[in-house]
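Peer 1: Mind folding the following:
(one chain, ligands or ions: 1)
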Amino acid sequence: MREITKNVYWVGKVDDRKVPFHRLVLEKGTSYNAYLIKDEKTALIDTVDILFGKEFTDKMAEAMDLAALDYIVINHTEPDHSGALGSIARKAVNAKILCTAPAVYELMEMYKIGKERFQVVTNGEEISLGEKTLVFYETPYLHTEETMVTYLKEDEVLFTCDIFSTHVADKEHLLVSELPEDVSIMEDYDTYYQLIMDPHRRYVLPMIDVVKPLSLKIIAPSHGYVLDQNLPSYISVYENHALESKKDLSALILFNTMSGNTKKMARMLENELVKEGIKVEAINTEKADLDEIYTKIQKADGILFGTSTRYADIPGNLEVILKELKDLEVEGKPAAAFGSYGWSGEAVEVVEDYLRAADLRTLRSSDIIKSTGMSDIEFPLRVRFNPENSEKEIKKAAAVFIDVLRY
Ligand SMILES: Cc1cc2nc3c(=O)[nH]c(=O)nc-3n(C[C@H](O)[C@H](O)[C@H](O)COP(=O)(O)O)c2cc1C
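Peer 2: Numbering: from 1, shown residues only. Modelled structure (predicted):
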């Protein structure tokens, strides 16, 4: 145990292996920072990687009577932080597990823990430990959907789990202020942002809005160094990256429609793009001059192609345009397929084949899962019949397309 501020202890694990993680190898290793807060009530903030779960629980049991632990806060469910939850919850029989609502099911399934052990906390909720107070703020998708941060109000410490972390195993130094004056962690800190946070950039500014108004002395993340000086400079790395984006963007939406359903989807997508300041032109290709369309395709920063399905095929003249793409030099331009269908929806899949054959930067669900872990984004975007009940899916897909345009 290592005290970082009065009655707040680091109880983590430094992992100096070359750590396999997210299809990478962390050459400098990493650490899993967990923290113990002692007050009238005692709270553990996060745990360590599942590989070290038993070791962690045994050490904690040596250091304290685990039956006296009141709360286990799980800011983020990934097993590099929640990995000891199963073993510690079994020994800390009186501890409530504090987490967001979407975290409960994941933790119950992963660690075989009963629902009665969980207490869901909501945005801005406070829990008193005695003299100290925990406040919880949701920070979704940083790094996964259920993520939150925990603020220790009186001590002005923010426990941020993955956010503001660094993948470095340093057994000698924990606080940034302990490092020699000529050593900066900025390069590793920035690399971490690029690898872990940048794919979720859209969520960074809302998180900054939560963090900036807080009075902060320490940011205590769950990988690498505890930040105890120059905090604005670390926060601004995230803010500046999130603010970098391309400006004055334009998008083209080309669609066909038999009874208006794909047209409705086109309008819904158009609205989302326009709300974000993107200049959009939505065109029913049946009525359009094809040479003009080809020029617009070349000028647009990104293109959405919409089609319904008619006897397992693409109705209308959209396929003529798709065949032309290869000759329009549009390689690398963001594009995606969308459309309404009735029962099988072959046409959107065929459209996607054309987009990929023309080397457009074609959005596909599987690529999004691989790069962000977000499994609820559908590309090609398919809706059965009337899209009015699919507003949520359409908005989510539009948001991802906007990100791809911008970044
Ligand atoms: C003549 C006809 C053929 C259709 N064939 C298919 C089909 O093969 N597969 C399918 O999933 N839906 C099929 N549908 C259903 C349409 O794709 C569905 O009604 C869709 O919502 C129409 O969208 P739209 O109004 O944008 O054209 C067919 C509809 C019609 C009228």
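
Peer 1: Quick one: neighbours of the nearest residue to Thr191 once chain neighbours are set aside, just the number.
Peer 2: Of all residues beyond its chain neighbours, the one nearest Thr191 is His167 (7.6 Å), with distances taken as C-beta to C-beta, 6 or more residues apart in numbering. (C-beta placed from N, C-alpha, C; glycine too.) Other residues within reach of His167, judged by other C-beta atoms under 10 Å, total 22.

Peer 1: Would you mind naming what in the stretch 301-407 of the chain lies close to the ligand?
Peer 2: In this structure, the stretch 301-407 of the chain approaches the ligand at residues Ser308, Thr309, Arg310, Tyr311, Ala312, Ser340, Tyr341, Gly342, Trp343, Ser344, Gly345, Phe385, judged by C-beta under 6 Å from any ligand atom.

Peer 1: okay, now the fourth one: neighbour count?
Peer 2: Using other C-beta under 10 Å, Tyr311 has 7 neighbouring residues.

Peer 1: how about low-confidence regions in the chain?
Peer 2: Along the chain, no part satisfies pLDDT under 70.

Peer 1: Contact residues of it facing the ligand?
Peer 2: Taking C-beta under 6 Å from any ligand atom as the contact definition, the chain meets the ligand at 257-262, 308-312, 340-345, 385.

Peer 1: mind running it again at 8 Å?
Peer 2: 255-265, 306-313, 315, 339-347, 383-386 (C-beta under 8 Å from any ligand atom).

Peer 1: surely the residue nearest to Thr191 meets Ser222?
Peer 2: No. With contact taken as C-beta atoms under 8 Å, His167 and Ser222 are classed as non-touching, separated by 11.1 Å.

Peer 1: so what's the backbone phi/psi at the residue nearest to Thr191?
Peer 2: Phi and psi for His167, reported as degrees, to the nearest 10, are phi -90, psi 90.

Peer 1: Over to Arg267?
Peer 2: Main-chain dihedrals, Arg267, degrees, to the nearest 10: phi -70, psi -40.

Peer 1: quick one, phi/psi of the closest residue to it other than its chain neighbours?
Peer 2: Once flanking residues are discounted, Arg267 sits nearest to Ala282: 6.9 Å by C-beta to C-beta, 6+ apart. Here the main-chain torsion angles of Ala282 (degrees, to the nearest 10) amount to phi -110, psi 120.

Peer 1: Distance check, Ala282 against Met265.
Peer 2: Shown here: Ala282 relative to Met265, a distance of 10 Å by C-beta to C-beta, to the nearest Å.

Peer 1: The two: which has the busier surroundings?
Peer 2: Set side by side, Ala282 and Met265 show more neighbours around Met265, with 28 against 19, by other C-beta under 10 Å.

Peer 1: hang on, the earlier thing: so which of the residues of the chain next to the ligand sit within strands?
Peer 2: Among the residues of the chain next to the ligand, the subset assigned to strands under DSSP state E consists of Phe255, Gly306, Gly339, Ser340, Tyr341, Val383, Arg384.

Peer 1: ok, which stretches of this structure are helices?
Peer 2: Remark: helices assigned in the chain by DSSP state H are 53-63, 79-82, 85-91, 101-111, 186-192, 204-211, 231-243, 261-275, 290-299, 318-324, 346-357, 365-372, 391-406.

Peer 1: Which residues in the first one does the neighbour count mark as buried?
Peer 2: I take that to be helix 53-63. Gly53, Phe56, Thr57, Lys59, Met60 (16 or more other C-beta atoms under 10 Å).

Peer 1: so how far is it off the chain centroid?
Peer 2: Averaged C-alpha coordinates place helix 53-63 at 31 Å from its chain's average position (C-alpha atoms, centre = their mean, to the nearest Å).

Peer 1: ditto for the longest one
Peer 2: In terms of C-alpha atoms, centre = their mean, the centre of helix 391-406 is found 14 Å from the chain centre.

Peer 1: and the gap between the closest residue to Leu152 other than its chain neighbours and the ligand?
Peer 2: In space, and not counting its chain neighbours, Leu152 is closest to Lys132: 5.9 Å by C-beta to C-beta, 6+ apart. Note on Lys132: its distance to the ligand, by C-beta to the nearest ligand atom, to the nearest Å, is 57 Å.

Peer 1: What of Pro199?
Peer 2: Applying C-beta to the nearest ligand atom, the value for Pro199 to the ligand is 32 Å.

Peer 1: What residue spans form the domains of the protein?
Peer 2: The chain breaks down by automatic domain parsing into domains covering 2-243, 250-406.

Peer 1: ok, how many other residues are close to the closest residue in space to Leu325 that isn't next to it in sequence?
Peer 2: The spatial neighbour of Leu325 that comes closest, neighbours along the chain excluded (C-beta to C-beta, 6+ apart), is Ala358 at 3.7 Å. Neighbours of Ala358 under the rule other C-beta under 10 Å: 20.

Peer 1: show me the contacts for Ala358.
Peer 2: Applying C-beta atoms under 8 Å, 6 or more residues apart in numbering, we find Ala358 in contact with Leu322, Leu325, Lys326, Leu328, Val330, Glu331.

Peer 1: same check, this time on Val237
Peer 2: Residues near Val237 by C-beta under 8 Å, 6+ apart: Met186, Tyr189, Asp190, Tyr193.

Peer 1: Likewise for Thr30?
Peer 2: Neighbour list for Thr30: Asp15, Val19, Phe21, His167, Val168, Ala169, His223, Gly224 [criterion: C-beta under 8 Å, 6+ apart].

Peer 1: so who does the last one touch?
Peer 2: Neighbouring residues of Gly224 by C-beta under 8 Å, 6+ apart: Thr30, Ser31, Asn33, Ser165, Thr166, His167, Val168, Asp170, Ile185, Asp188, Tyr189, Tyr192.
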